[in-house]
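Chemist: how does the following fold in three dimensions:
(chains A and B)
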Amino acid sequence: MFGYIVRRLLIMIPTLLVISFLVFVIIQAPPGDYLSGIVSECQARGETGCADKIEMLRKVYHLDQPFIVQYGYWLFGLLRGDLGFSFEHQLPVVQVVGDRLWLTIIVTLATVLFTWVVAFPIGVYSATHQYSLSDYAVTFFGILGLAVPSFLFALVLLYLANVYLGLSIGGLMDPDYIDKPWTWGKFVSILEHLWIPTIVIGGSGTAGMIRRLRANLLDELHKQYVVTARAKGLPPGRLLLKYPLRMSLNPFIADIGTLLPELVSGAVVVSVVMSLPTTGPMLLEALQSQDMYLAGSFLMFLALLTVVGVLLSDLALAALDPRIRLGGSATK
Amino acid sequence: MRKSDSNLAPRTDAVTRDPIPHVVSVEPFDPYSVEQTTAEQERYFRASQWQMMWWRFRRHRLAVLSAAFLLLLYASVPISEFLAPYNYQTKDPAHIYAPPQALHLFDAAGAFVGPFVYSYDFKLNKTTFKREYTIDTSKTQPLRFFCFGDKYLFWGLVDARFHLFCPAEKGTVHLFGTDQLGRDMLSRLIYGARISLTIGLVGVALSFTLGIIIGGLAGYYGGWIDDLTQRLIEILRSLPHIPLWMSLSAILPRTWSPLIVYFGITIILALLEWTGLARAVRSKLLSLREEDFCVAAQLMGARPRRIIGRHLLPSFMSHLIASATLSIPSMILGETALSYLGLGLRSPITSWGVLLNEAQNINVVALYPWLMLPALPVILVVLAFNFLGDGLRDAADPYK
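Modeler: Reported below is the predicted structural model:
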């Protein structure tokens, strides 16, 4: 086990290197850079000496160097813990991301909880009642969450919440509380606004989870040990919870690793529609305005979380399901 | 034991009968007659794998229904120009943001007219500047069927005017309302189906090919090829989709014709989708290559390409088809999300994503809710593909 963890940690280094290169290619791929946008703006205002000023900035941020050299500067900055400087916000990246990260974590946690609470009972129910009318009805509502385009769903919910509940449109709290210190009222206001993004973002995840849980559980329910246990007279509820359900839990655990990038990536569109103060819209903005250090460092951060998350969920799988042997190779 | 003993005891009270006479049948005995199967069983035992899959698939009623629905929709794709009452580009300045017209059979007096719509009365409210449409129940406009109406270029080649149904002369038929340029929403929806339904198929075909080739190589050879592809997949999956979409679609030159952009978008979607299929293929191959039939093929000197293509892939093709079906909806939704962000297809091209892009602000929800109607086919198609995929997957392994 220890050897396996060390090996996985060592593999992470080249993986992260490749990812960092890809990330840099991604943020550099669109033609032009952030400063070329500034030049045209500056010239439009009729200022003189634009070119000189920009030339200086270009030197400072190494934008005049070839691609590989820029990459090298960025990578070494990252290794030293320097995430770079956001052109657009005129702040170090750490500070730009800072406040938004907490709200993102709140939204993400709420979404994950929602997904599990909804998907779990529905998945179990529809697997134990396969092809019944209620199975169809329940899976229908589950898949509906996947089928409805999330941005439209968000718009409709926002409108309804505004008309019937009097909630302010968009955002994660009432406008009065923005940039105010944390108080009880602010907390309650966040809770009031949280349910819409939770339902919208969690909806698609729920459908996938229901489907996988149902399929896995169906596979297990047909196995002989279930028949044996039933023949021995184990009560159905206890039988279900104790054996097949435990076996079909693996997708839940395996999901933890990839959950975060999925949520951030999938939630971007919803967050833009609902103008949530989370990291998604910030990432989108940074990509669009080619604020390369902000976008790049943030993507790297996500990638690091994913790689570590996958490792953690692999370890958790091995701990919970003794049949999984991590170190061993496939039988030849 | 005791019970049978009492049975064997002589029964004195019963009427004594002759014991059953000892008869030996002279007819020849066919030992297989004991195992004779009924025609029903015979049919079951002799059925091919595909036959059994079909029987099993039929049990999932929702999947059969979805399959029929999707077939109908795809049948509309080649003839959208004929089915739509208007050309999707025809602008009608007199009917901007017109609400949907309801279809009636009986007029206000209760007399049967056949399918017709009432005509609109349009008035611009001078104080609020809202367009107000009122229904004039005195004027009926019966629909015409198999008629000549709005001009279009069939498949972009042939000039034609023939439609399934058209509005009455000098009348309108906007069953789904009109948009901000007065274009008929129903017609745009029907045209949009052409792009939105095929983009999923083309994309899945591409990612299917990539997934089978890469996953097949990794699963069959194992070793360093497997390690390499596993890392590649891990890397691709740890990058969030949206930035990848953005930079890939930023690479597509703005000067390209819309059709080439369409193919570019499908390739972008496919490049991100193949990883799931490749993983499925790999894990299946890893276990299948240990089976006896595979070893037998190897011993007989078959080359890897033949073993993978001829023996291994067909044995789990059904699983692959099912998972491919399940990945079509994510392509369709991906297109709507891309178009919503303004990165996907752009107007003159009409797809459901482009149409939804126009319905993206809260004013639409409050004032012109019919502009959200394109969501309806998206939802229905995604649901149908999901149910179809579920049914196919349940049927994929009929021997279970």
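Chemist: and the next helix or strand past the helix or strand that contains A:L109?
Modeler: A:L109 is located in helix A:93-128, with elements delineated by DSSP states H and E. Note on helix A:93-128: by DSSP H and E, the next helix or strand toward the C-terminus is helix A:133-147.
Chemist: got the buried residues for that following helix?
Modeler: A:135-136, A:138-139, A:142-147 (16 or more other CB atoms under 10 Å in any protein chain shown). (Glycine included, C-beta is placed from N, CA and C.)
Chemist: contacts only, for B:P100.
Modeler: For B:P100, the contact set (CB atoms under 8 Å, 6 or more residues apart in numbering or on different chains) comprises B:174-177, B:185, B:370.
Chemist: alpha carbons only: can I get the helix or strand encompassing B:N386 in CSV?
Modeler: Secondary structure from DSSP H and E places B:N386 in helix B:375-396. Only the C-alpha atoms of helix B:375-396 are listed here, as CSV (Å, rounded to 0.1, in the frame of the first residue of the first chain):
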residue,chain,number,x,y,z
ALA,B,375,-36.1,23.9,-24.9
LEU,B,376,-39.0,21.5,-25.4
PRO,B,377,-37.5,19.5,-28.2
VAL,B,378,-34.2,19.5,-26.5
ILE,B,379,-35.7,18.1,-23.3
LEU,B,380,-37.7,15.5,-25.2
VAL,B,381,-34.8,14.4,-27.4
VAL,B,382,-32.4,14.1,-24.5
LEU,B,383,-35.0,12.2,-22.5
ALA,B,384,-35.7,9.9,-25.4
PHE,B,385,-32.0,9.1,-26.0
ASN,B,386,-31.6,8.4,-22.3
PHE,B,387,-34.5,6.0,-22.2
LEU,B,388,-33.4,4.4,-25.4
GLY,B,389,-29.9,4.0,-24.1
ASP,B,390,-31.2,2.5,-20.8
GLY,B,391,-33.3,0.0,-22.7
LEU,B,392,-30.4,-0.9,-25.0
ARG,B,393,-28.1,-1.4,-22.0
ASP,B,394,-30.6,-3.6,-20.2
ALA,B,395,-30.9,-5.6,-23.4
ALA,B,396,-27.2,-5.7,-24.2
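Chemist: and the angle from that helix to helix A:133-147?
Modeler: On the basis of axes from the mean of the first three to the mean of the last three CA atoms, to 10 degrees, helix B:375-396 is oriented at 130 degrees to helix A:133-147.
Chemist: residues from the stretch 1-150 of chain A in reach of chain B?
Modeler: A:11, A:14-15, A:18-19, A:22-23, A:25-27, A:29-31, A:131, A:136, A:139-140, A:143-144, A:146-150 (CB under 8 Å from any CB of the partner chain).
Chemist: among those, which ones are buried?
Modeler: Judged by 16+ other CB under 10 Å, buried ones among the residues of the stretch 1-150 of chain A next to chain B: A:11, A:15, A:19, A:22-23, A:26-27, A:30, A:136, A:139, A:143-144, A:146-150.
Chemist: ok, back up a step: closest one of the buried residues of helix A:133-147 to A:D64?
Modeler: Closest to A:D64 out of the buried residues of helix A:133-147 is A:L146 (47.4 Å), distances taken as CB to CB.
Chemist: just for the stretch 101-250 of chain A, where's the confidence low?
Modeler: A:168-172, A:175, A:178-180 (pLDDT under 70).
Chemist: let's see 90
Modeler: Under the criterion pLDDT under 90, the flagged ranges of the stretch 101-250 of chain A are A:101-227, A:230, A:234, A:236-250.
Chemist: residue in it nearest to chain B?
Modeler: Nearest residue of the stretch 101-250 of chain A to chain B, counting by CB to the nearest CB: A:A147, 3.7 Å away.
Chemist: wouldn't A:S126 be in contact with A:R212 here?
Modeler: No: contact between A:S126 and A:R212 fails when scored by CB atoms under 8 Å: they sit 11.9 Å apart.
Chemist: now the strands for chain A?
Modeler: Ranges of strands within chain A are A:85-86, A:91-92, based on DSSP state E.
Chemist: same question for chain B.
Modeler: So, for chain B - with DSSP E - the strands run B:104-106, B:112-124, B:131-142, B:144-154, B:158-166.
Chemist: could you check the angle strand B:158-166 makes with the longest one?
Modeler: Direction vectors for strand B:112-124 and strand B:158-166, defined by the same axes, to 10 degrees, enclose an angle of 110 degrees.
Chemist: how far out from the middle of the chain is the helix ranked longest in chain A?
Modeler: As assigned by DSSP state H, the longest helix anywhere in chain A is helix A:184-221. Here the centre of helix A:184-221 is set off from its chain's centre by 13 Å, with CA atoms, centre = their mean, to the nearest Å.
Chemist: does any bit of it sit next to chain B?
Modeler: Yes: counting by CB under 8 Å from any CB, chain B has neighbours in helix A:184-221: A:207, A:211, A:215.
Chemist: show me the contacts for the second one.
Modeler: Put plainly, it is A:R211. Counted by CB under 8 Å, 6+ apart, A:R211 has contacts A:123, A:139, A:142-143, B:386, B:390.
Chemist: now do 10 Å
Modeler: A:119, A:123, A:126, A:139, A:142-143, A:146, A:251, B:326, B:386, B:389-390, B:393 (CB atoms under 10 Å, 6 or more residues apart in numbering or on different chains).
Chemist: distance of it from A:L146?
Modeler: 9 Å (CB to CB, to the nearest Å).
Chemist: now do the shared contacts for those two.
Modeler: With CB under 10 Å, 6+ apart as the test, A:R211 and A:L146 both reach B:N386.
Chemist: now A:D64, nearest residue through space, not along the chain?
Modeler: A:R58 (4.8 Å; CB to CB, 6 or more residues apart in numbering or on different chains).
Chemist: do you know how far A:L63 is from A:Y293?
Modeler: 11 Å.
Chemist: so these two - more neighbours on which side?
Modeler: A:Y293 (23 against 16; other CB atoms under 10 Å in any protein chain shown).
Chemist: what about the helices in the stretch 201-350 of chain B?
Modeler: B:223-238, B:241-251, B:258-288, B:292-299, B:304-306, B:313-315, B:317-340 (DSSP state H, counting those that start in this stretch).
Chemist: redo those as TSV? Include mean neighbour count and mean pLDDT.
Modeler: Listed next are the helices of the stretch 201-350 of chain B as TSV, based on neighbours: other CB atoms under 10 Å in any protein chain shown; pLDDT from 0 to 100:
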stretch	mean neighbour count	mean pLDDT
helix B:223-238	16	81
helix B:241-251	20	72
helix B:258-288	20	79
helix B:292-299	13	88
helix B:304-306	12	84
helix B:313-315	14	76
helix B:317-340	22	78
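Chemist: now those in a markdown table, with distance to B:G216?
Modeler: Formatted as a markdown table, the helices of the stretch 201-350 of chain B follow (distance: least, CB to CB, whole Å):
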| stretch | distance to B:G216 |
| --- | --- |
| helix B:223-238 | 10 |
| helix B:241-251 | 24 |
| helix B:258-288 | 6 |
| helix B:292-299 | 13 |
| helix B:304-306 | 9 |
| helix B:313-315 | 7 |
| helix B:317-340 | 11 |
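Chemist: quick one: closest of those to A:G166.
Modeler: helix B:317-340 (27.8 Å).
Chemist: alpha carbons of that closest one, as CSV, please.
Modeler: This file holds the C-alpha atoms of helix B:317-340, laid out as CSV (Å, rounded to 0.1, in the frame of the first residue of the first chain):
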residue,chain,number,x,y,z
MET,B,317,-20.6,-4.3,-29.4
SER,B,318,-24.0,-4.1,-27.9
HIS,B,319,-22.5,-2.5,-24.7
LEU,B,320,-20.7,0.0,-26.9
ILE,B,321,-23.9,0.9,-28.8
ALA,B,322,-25.7,1.4,-25.6
SER,B,323,-23.0,3.7,-24.1
ALA,B,324,-22.8,5.6,-27.4
THR,B,325,-26.5,6.2,-27.3
LEU,B,326,-26.2,7.5,-23.8
SER,B,327,-23.5,10.0,-24.9
ILE,B,328,-25.5,11.5,-27.8
PRO,B,329,-27.6,13.7,-25.4
SER,B,330,-24.5,15.1,-23.8
MET,B,331,-23.4,16.2,-27.3
ILE,B,332,-26.7,17.8,-27.9
LEU,B,333,-26.6,19.6,-24.6
GLY,B,334,-23.0,20.5,-25.2
GLU,B,335,-24.0,22.2,-28.4
THR,B,336,-26.6,24.3,-26.7
ALA,B,337,-24.2,25.3,-23.9
LEU,B,338,-21.5,26.2,-26.4
SER,B,339,-24.0,28.2,-28.5
TYR,B,340,-25.3,29.8,-25.3
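Chemist: great, nothing more from me.
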